[in-house]
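**Student:** Fold the following for me, if possible:
(one chain, ligands or ions: 3)
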Amino acid sequence: MFNLSRYFSTVSFILIVLAAGVLGPFYRELSLKQITELAESRNVAMAQVFENSLREPLESLMSASVGRDNDFLRSSPEAADLKTRVASLMSNTSVVRVKIYNRLGNTVFSSDPGEIGDTQLDRLRFSTAISGGVASYMTHRSAIDTFEGSRTEVDLLASYIPIRGPDKAIEGAFELYQDVTPFMNQLERSLWLVTAGVFGVFAALYLMQYLVVRRAQRILREQEARIAAARDTLEIQVEARTDELKRTNTQLELEISERRQAESKLNYLAYHDPLTGLANRRCFIERLEGSLLESGRRGERLAVLFIDLDQFKQVNDSLGHGVGDELLVMVAARLADYVRLIDMLARLGGDEFICLMEAVRDEDEVETVAREIISAFDTPFGLDDNELYLSASVGISLFPADGDSVVDLMRNADTAMYSAKALGRGRFHFYTPEMTHEAQQRIRMENQLRRALDNDELAVKLQPQVDTRDGRLVGAEALVRWYSPELGTVMPSQFIPLAEDSGIIIGLGNWVLRETCRQVMQWRNSGFELPMVSVNLSVKQLERPEFFDTLQDILDETGMDAESLKLELTESVVMGVGDACGLLQRLRDLGISLALDDFGTGYSSLNYLKMLPVQQLKIDRSFVMGIGRNPGDEAIIRTVMELAKSLGFEVVAEGVETVEQAEFLGKLGCQQLQGFLHGKALTPDEFRARWSEAE
Ligand code: C2E
Ligand code: MG
Ligand code: MG
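**Tutor:** Numbers count the residues shown, from 1 in each chain. Ligands and ions are numbered 1, 2, ... in the order given. Predicted structure coming up:
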């Protein structure tokens with residue numbers, strides 16, 4: 001660290017030494033010059049005295065000495081006289097030696113007689129004097145003889161001073177030696193004093209300054225320490241703040257990344273179906289909107305394929321939602337494999353999927369994809385150990401032919417899908433404007449059906465069921481008919497699904513049940529005994545909590561005995577009821593018989609079937625149709641028969657139209673037959689007329 005005191009001491013010391021070293025000699029030189037000037041002026045004054053006083057004796061000596069040698073100048077009476085005069089003049093003065101030169105530089109007089117006659121050696125100073133100036137010099141002698149005795153260690157100032165005659169002409173020169181020893185001693189003394197004074201002053205100054213500097217240094221040190229402490233504190237604070245910032249930063253980064261993740265998750269959820277991972281409705285709609293704009297600009301065509309799984313509700317209901325979800329995931333994966341890579345596949349919800357095909361060349365291309373989608377269901381879906389067959393119906397709308405908006409295209413594809421379903425399962429159908437007409441008709445029909453009950457437009461027909469062995473009437477199935485003033489005769493296949501969808505089936509079904517019971521009881525009371533009557537029951541009815549009360553009311557009202565009543569429930573529909581077993585058991589407990597309708601088309605597992613309190617299986621018409629034509633159908637019928645035998649079910653075959661079919665079924669042990677072979681559904685009057693006769 002920089003030491004101010006030490007620096008100051010060193011520099012000050014050097015400066016003091018330098019100052020003293022310079023000031024001392026300077027002072028000495030100055031004093032010497034003053035002494036010289038003083039002594040010289042005294043010499044000049046003395047010379048004037050000498051000149052005035054010695055003029056006469058000097059002139060007489062000079063005139064007497066003309067032509068004589070030097071001895072004359074030394075020892076002549078004139079010389080002695082001069083000497084005496086000089087000696088008296090010199091006494092009590094500081095002049096210790098006098099020499100007189102003539103113009104030629106010869107020493108004509110000297111207080112030291114030995115020098116008389118010498119020629120002047122110091123030519124330079126002598127010349128100055130001869131020219132009218134005064135020249136002096138300082139000299140030191142270790143010993144000198146004077147008139148007043150000899151002196152030792154003397155400092156002398158020697159001056160050459162011109163001697164002027166009365167006419168002021170220079171006649172020679174004096175050389176005066178003045179003893180300046182006291183001055184010199186004085187000088188030495190004052191020099192010492194000055195030096196000591198200078199040193200003293202400097203030392204005092206130095207000391208004062210040193211104290212000031214030391215104090216300054218202490219203050220500086222303290223401030224430095226304070227600054228260092230402040231710096232340390234600052235550093236600590238900065239470090240702490242940096243740490244804090246770092247922490248905040250990492251926290252911020254963490255928060256940002258968490259938020260980003262959440263956002264992307266939200267974004268993902270907003271645009272994807274969480275179950276299958278496919279795009280969702282919103283995503284599809286946005287993409288379709290964009291595609292419509294693009295396709296419109298480029299003049300390209302696109303297709304919307306509405307895909308709906310057939311009877312998936314039943315599968316879902318019978319096997320549980322867990323299995324249903326599993327199946328949907330498998331379906332989604334399979335569909336994704338069958339659509340083109342560029343196509344967009346989305347799940348609209350439930351069992352509805354939708355596919356967008358862009359840049360479509362022609363209908364054939366769309367048809368190919370539709371066929372592929374349908375064929376995707378040719379292979380069964382594996383569920384644990386079981387295999388399950390599904391099918392899908394596809395409705396197609398095209399842009400721009402079938403609409404130029406998202407709403408139109410999706411609605412029309414949906415309409416086309418319904419048409420495909422109406423054709424049977426596993427079909428596709430392109431949209432036609434007539435379909436919209438059909439859809440509108442459906443709505444109109446629904447409204448009309450609502451009124452049909454009140455307007456007495458419904459009627460029950462009865463189709464006989466006979467003993468396979470002898471053709472005896474064993475029962476009849478009640479089949480509803482609708483005679484609409486606007487639509488004419490409407491078959492159940494047209495309005496039952498509509499009634500199911502709209503909930504009309506509840507009132508309608510109950511009406512059929514009541515009407516049938518009433519009819520059977522009316523017959524019975526009038527002497528026509530129908531051993532057993534079957535009524536179709538919608539699962540929608542069964543699910544209603546008040547159903548059992550209604551049923552009991554009907555039985556009570558009509559007086560119908562439960563033992564003569566059989567309720568037909570579609571196999572797949574039974575599987576869809578939450579507690580089918582319990583509900584069916586309650587019916588059984590009332591004494592009502594139960595039949596599983598359309599058997600073979602559903603998904604009943606053997607285990608489940610065993611548990612159901614059902615007495616009868618009704619082999620579906622589609623299998624009966626295959627007798628003699630389709631070995632597969634025959635095989636199914638055989639299996640059903642064996643199954644029924646082993647589980648103790650009675651079997652009725654539906655849709656028996658030929659003797660061949662009847663014989664085939666009879667051979668296999670099918671107990672009852674129902675079909676056109678033995679009679680179509682007839683009005684109660686027709687039925688009674690036909691069958692009371694036979695009895
Ligand atoms: P389902 O219960 O399987 O009734 C048998 C259907 O097959 C009847 O059609 C019947 O007329 C028809 N059928 C019987 N034998 C033959 C035949 O040899 N050849 C042909 N081609 N068809 C035959 P329908 O009357 O049109 O009824 C259709 C379906 O509507 C019924 O099938 C049943 O599921 C439903 N349905 C009818 N009436 C009611 C009702 O009152 N309530 C409920 N919930 N459903 C009903
Ligand atoms: Mg039936
Ligand atoms: Mg049937």
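**Student:** low pLDDT regions in this structure?
**Tutor:** Applying pLDDT under 70 to the chain picks out residues 1-2, 120-121, 572-573, 575-578, 602-607, 693-695.
**Student:** So which bits of it are right by ligand 1?
**Tutor:** Selection of the chain residues close to ligand 1 by C-beta under 6 Å from any ligand atom yields 463, 479-480, 491-493, 496, 509, 512, 536, 538, 568, 597-598, 621, 654-657, 674-676, 681. The way it works is simple: take the backbone N, C-alpha and C, and place the C-beta from them, glycine included.
**Student:** Could I have the ChimeraX command that selects the buried members from these?
**Tutor:** Remark: buried members of these, expressed as a ChimeraX selection using 16 or more other C-beta atoms under 10 Å:
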select :463,479,480,496,509,512,536,538,568,597,598,621,654,655,656,674,675,681
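**Student:** among the residues of the chain next to ligand 1, which are within reach of ligand 2?
**Tutor:** Among the residues of the chain next to ligand 1, the residues within reach of ligand 2 (C-beta under 5 Å from the ion) are Asn536, Glu568, Asp597.
**Student:** what pairs with the first one across the strands?
**Tutor:** Think Asn536. Residues in a beta bridge with Asn536, per DSSP bridges, are Glu568.
**Student:** ok, it touching Ala478?
**Tutor:** Yes. Between Asn536 and Ala478 there is a contact at 7.2 Å, judged by C-beta atoms under 8 Å.
**Student:** give the contact list for Pro57.
**Tutor:** Glu78, Asp81, Leu82, Arg85 (C-beta atoms under 8 Å, 6 or more residues apart in numbering).
**Student:** quick one, strands of the stretch 301-450 of the chain?
**Tutor:** Chain-ordered strands for the stretch 301-450 of the chain, with DSSP state E, counting those that start in this stretch as the definition, fall at 301-309, 344-349, 352-360, 381-383, 386-388, 392-399, 428-430.
**Student:** which of the residues in the second one are buried?
**Tutor:** Just to be clear, that refers to strand 344-349. Residues Met344, Leu345, Ala346, Arg347, Leu348 are the ones in strand 344-349 that count as buried (16+ other C-beta under 10 Å).
**Student:** between those residues, which is nearest ligand 2?
**Tutor:** Taking C-beta to the ion as the measure, Leu348 is the one of these closest to ligand 2, at 32.7 Å.
**Student:** Can you name the residue of the stretch 351-500 of the chain nearest ligand 3?
**Tutor:** Among the residues of the stretch 351-500 of the chain, Glu477 lies closest to ligand 3, at 8.5 Å counting by C-beta to the ion.
**Student:** Looking at the ones next to ligand 2 among the residues of the chain next to ligand 1, which is nearest Gly322?
**Tutor:** Each of those was scored against Gly322 by C-beta to C-beta, and Asp597 proved nearest at 27.2 Å.
**Student:** for the stretch 101-250 of the chain, what spans make up the strands?
**Tutor:** 107-110, 135-146, 149-164, 170-179.
**Student:** out of these, nearest to Phe399?
**Tutor:** Short answer: strand 135-146, nearest of the strands of the stretch 101-250 of the chain by C-beta to C-beta, at 132.9 Å.
**Student:** in the closest one, what counts as buried?
**Tutor:** Residues of strand 135-146 classed as buried: Ala135, Ser136, Arg141, Ile144, Thr146 (neighbour count, 16+ other C-beta under 10 Å).
**Student:** That one - contacts with which helices or strands?
**Tutor:** In terms of contacts (3 or more C-beta pairs under 8 Å, 6 or more residues apart in numbering; DSSP states H and E), strand 135-146 is packed against helix 4-65, strand 95-102, helix 123-130, strand 149-164.
**Student:** residue contacts, Arg74?
**Tutor:** Neighbouring residues of Arg74 by C-beta under 8 Å, 6+ apart: Pro113, Ile116, Gly117.
**Student:** immediately after the longest helix along the chain, which helix or strand?
**Tutor:** With secondary structure taken from DSSP state H, the chain has its longest helix at helix 181-271. Scanning forward in sequence from helix 181-271 by DSSP states H and E, the next helix or strand is helix 281-298.
**Student:** Who are the contact partners of the nearest residue to Met138 once chain neighbours are set aside?
**Tutor:** Leaving aside its sequence neighbours, Met138 sits nearest to Leu157 (C-beta to C-beta, 6 or more residues apart in numbering; 5.5 Å). Taking C-beta under 8 Å, 6+ apart as the contact definition, Leu157 lies against Ile35, Thr36, Ala39, Glu40, Asn43, Ser136, Tyr137, Met138, Thr139, Tyr177, Gln178, Val180.
**Student:** how about those residues, which pair is most distant?
**Tutor:** Within those, Ile35 and Tyr177 form the most distant pair, 14.5 Å apart (C-beta to C-beta).
**Student:** and the chain, what are its domains?
**Tutor:** With domains defined by automatic domain parsing, the chain comprises 4-185, 281-431, 445-694.
**Student:** Tell me which of these sits nearest to Glu239.
**Tutor:** Comparison of the domains of the chain against Glu239 by C-beta to C-beta identifies domain 4-185 as nearest, at 32.1 Å.
**Student:** how close does the residue nearest to Leu220 when sequence neighbours are not counted get to Arg226?
**Tutor:** Using C-beta to C-beta, 6+ apart and skipping the chain neighbours, the partner closest in space to Leu220 is Leu4 (6.7 Å). Separation of Leu4 from Arg226 (C-beta to C-beta, to the nearest Å): 17 Å.
**Student:** higher neighbour count, those two?
**Tutor:** Leu4 (15 against 10; other C-beta atoms under 10 Å).
**Student:** And the residue of the stretch 401-550 of the chain that's closest to ligand 2?
**Tutor:** For the stretch 401-550 of the chain, C-beta to the ion, closest residue to ligand 2: Asn536, 4.5 Å.
**Student:** residue contacts, that residue?
**Tutor:** Counted by C-beta under 8 Å, 6+ apart, Asn536 has contacts Glu477, Ala478, Leu479, Val480, Gly509, Val512, Leu567, Glu568, Asp597.
**Student:** And Leu498, by the same measure?
**Tutor:** Residues in contact with Leu498 (C-beta under 8 Å, 6+ apart) are Arg442, Met445, Glu446, Leu449, Ile504.
**Student:** Could you save these as CSV and add columns showing neighbour count?
**Tutor:** Listed next are these as CSV, based on neighbours: other C-beta atoms under 10 Å:
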residue, neighbour count
Arg442, 18
Met445, 22
Glu446, 15
Leu449, 24
Ile504, 19
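**Student:** which among these gets closest to Thr10?
**Tutor:** Nearest to Thr10, judged by C-beta to C-beta, of these is Arg442 at 116.1 Å.
**Student:** Please report how far that closest one lies from ligand 1.
**Tutor:** 17 Å (C-beta to the nearest ligand atom, to the nearest Å).
**Student:** Many thanks, we can stop here.
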